[in-house]
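# what's the 3D shape of this:
(one chain, ligands or ions: 2)
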Amino acid sequence: MRQGWRWFGPEAPVTLDEVRQTGATNIVSSLHQVPIGRVWTEAEVAERKSLIETTPAGRSPLTWSVVESIPIPDAVKRMGGKARSEIEAWIASLEAVAACDIPIVCYNFMPVVDWTRTELDYEIETGATAMRFDQERYAAFDLHILQRAGAEAEYSPEDRARARAVYEAMSEAEIAEITRIITSALPGSTTEPMTVPGFRDKLAQYAGIDAAKLRQHLVEFLEAVTPAAEARGVKLTLHPDDPPRPLFGLPRIASTADDYAALFDAVPSPANGMCYCTGSLGVRADNDLPAIARRFAERIHFVHLRATKREGDGRSFHESAHLEGDVDMVAVLKELVAEDRKRDAASQMVFRSDHGHRMLDDLAKTVTPGYPAIGRMRGLAELRGILYALGVVPN
Ligand code: DNO
Ligand code: MN
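Numbering: from 1, shown residues only. Ligands and ions are numbered 1, 2, ... in the order given. Sure, this is the predicted structure:
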């Protein structure tokens with residue numbers, strides 16, 4: 001297992017020198033400054049790689065081994081407009097990444113909104129803060145702020161009543177805050193920030209695209225890109241939907257084991273891989289995380305480890321400490337390690353502690369939401385402990 005760390009680039013609050021101190025060895029990054037859809041040039045990727053991999057004297061080296069993500073424009077997910085040329089552009093970016101010997105690329109296929117939360121700084125009992133998804137606040141936004149066409153019919157009368165009560169209790173500032181959180185595209189998102197009317201327009205463009213259609217579009221995308229990835233020895237890894245269920249009436253198709261099985265059956269190329277994210281998949285009580293790891297072991301190249309704790313009827317959740325959520329992290333790591341033991345060093349999985357609580361000094365600092373240094377390092381340290389206990393010295 002290779003210890004990864006998501007680094008948001010030269011402007012990020014956490015620097016490469018700080019990453020080194022956490023013990024992580026592998027960088028997960030993207031050209032976050034490039035607008036979605038614009039081709040990455042080899043020179044740009046090489047420049048960023050040299051920034052990451054040029055090691056000050058006496059310091060431990062870092063390797064850029066995962067691109068998370070090359071964003072996929074909405075036109076591709078809809079297979080409308082300029083989809084074909086957008087796919088060509090995506091392949092060109094992939095070629096630039098491959099030319100710089102970065103072996104793993106992460107992507108997701110969530111329409112319009114990437115990962116979604118309703119609160120970024122939810123105070124938990126330790127005094128640290130966590131990200132949270134509250135179903136009632138989400139419904140209040142959907143029904144009363146976004147006022148999405150057709151939304152009413154998708155909620156039960158009880159849910160509608162609760163959403164109305166939550167909305168009516170919100171202050172102007174809270175309304176502005178939840179709107180900002182949902183529309184602003186959280187860090188690392190592969191979607192653009194939106195206004196509320198812009199959001200409605202994007203939703204309208206998805207009229208008639210159900211789960212079967214969206215899956216077909218992903219299969220078409222994979223059929224187009226996997227030959228280039230396979231030829232260059234790059235593994236493409238699909239990040240699961242977060243949360244793993246439809247939002248805003250939009251289909252989501254990377255939420256369950258059956259979803260992934262359908263994609264692997266349709267596009268068997270070994271380049272068609274999985275980013276196994278316990279935090280995303282683990283929100284659903286019907287996802288058996290160790291079983292998913294076992295079933296798709298050979299397809300897993302990149303791993304996000306974090307935990308969530310379901311609240312109430314299970315539709316709301318917050319991000320718990322890495323070992324204290326609903327997922328059995330030891331059982332998960334046992335499965336991943338069993339697979340990793342079969343691999344040579346160069347093809348070992350890269351894992352990162354995905355998200356972390358905002359705690360200690362980070363409470364007073366500017367942090368990237370979800371990605372503060374100390375909370376992530378706490379997670380990484382705990383995960384490393386499990387690995388040692390399993391007899392694995394992580395790279
Ligand atoms: C969620 C996180 C996200 C993820 C993006 C990818 O589980 O890992 O930050 O990286 O959704 O687009
Ligand atoms: Mn993740």
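# Surely residue 52 is in contact with residue 62?
Yes - the criterion here is CB atoms under 8 Å, and residue 52 meets it with residue 62 at 5.5 Å. No exception for glycine: its C-beta is placed from N, CA and C like everyone else's.
# Could you list the buried residues of stretch 365-376?
Within stretch 365-376, the residues that qualify as buried are 367, 368, 369, 370, 371, 372, 373, 374, 375, 376, counting by 16 or more other CB atoms under 10 Å.
# From the opening residue of that stretch to its closing one, how far?
This stretch, stretch 365-376, spans 15 Å end to end (CA to CA, to the nearest Å).
# how about the residues of the stretch 1-150 of the chain near ligand 1?
68, 69, 108, 114, 115 (CB under 6 Å from any ligand atom).
# with the residues you listed in mind, which one is nearest to residue 221?
Nearest to residue 221 among those: residue 108, at 11.7 Å, using CB to CB.
# what does the stretch 101-250 of the chain have sitting close to ligand 2?
Contacts of the stretch 101-250 of the chain with ligand 2, taken as CB under 5 Å from the ion, are absent.
# The residue in the stretch 101-250 of the chain that ligand 1 sits nearest to: which element?
With CB to the nearest ligand atom, the shortest gap between the stretch 101-250 of the chain and ligand 1 falls at residue 115, namely 3.9 Å. Using DSSP states H and E, residue 115 sits within no helix or strand.
# what does the one 5 residues further on give?
Element membership for residue 120 (DSSP H and E) is strand 119-123.
# Parallel or antiparallel, which strands does that strand pair with?
Strand pairing for strand 119-123, determined by DSSP bridges: strand 129-133 (antiparallel).
# Could you pull out the residues contacting both of residue 52 and residue 62?
16, 27 (CB atoms under 8 Å, 6 or more residues apart in numbering).
# Name the nearest residue to residue 22, ignoring sequence neighbours.
residue 377 (4.6 Å; CB to CB, 6 or more residues apart in numbering).
# element containing residue 339?
Here residue 339 sits within helix 329-340, counting by DSSP H and E.
# just checking, what packs against that helix?
If you count contacts as 3 or more CB pairs under 8 Å, 6 or more residues apart in numbering; DSSP states H and E, helix 329-340 packs onto helix 289-295, strand 300-305, helix 373-389.
# Mind doing that once more with 10 Å?
Contacts defined by 3 or more CB pairs under 10 Å, 6 or more residues apart in numbering; DSSP states H and E place helix 329-340 against strand 272-277, helix 278-281, helix 289-295, strand 300-305, strand 350-353, helix 373-389.
# Could you dump the ones you listed into JSON lines with distance to ligand 1 added?
Formatted as JSON lines, these follow (distance: least, CB to the nearest ligand atom, whole Å):
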{"stretch": "strand 272-277", "distance to ligand 1": "5"}
{"stretch": "helix 278-281", "distance to ligand 1": "5"}
{"stretch": "helix 289-295", "distance to ligand 1": "14"}
{"stretch": "strand 300-305", "distance to ligand 1": "5"}
{"stretch": "strand 350-353", "distance to ligand 1": "8"}
{"stretch": "helix 373-389", "distance to ligand 1": "11"}
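# May I see the ones you listed organised as CSV, with distance to ligand 2 and mean pLDDT added?
Below are these laid out as CSV (distance: least, CB to the ion, whole Å; pLDDT from 0 to 100):
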stretch, distance to ligand 2, mean pLDDT
strand 272-277, 3, 98
helix 278-281, 5, 98
helix 289-295, 13, 98
strand 300-305, 3, 98
strand 350-353, 9, 98
helix 373-389, 12, 98
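# Distance to residue 156 for those - can I get that in JSON lines?
Shown next, in JSON lines, are these (distance: least, CB to CB, whole Å):
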{"stretch": "strand 272-277", "distance to residue 156": "29"}
{"stretch": "helix 278-281", "distance to residue 156": "25"}
{"stretch": "helix 289-295", "distance to residue 156": "29"}
{"stretch": "strand 300-305", "distance to residue 156": "32"}
{"stretch": "strand 350-353", "distance to residue 156": "37"}
{"stretch": "helix 373-389", "distance to residue 156": "36"}
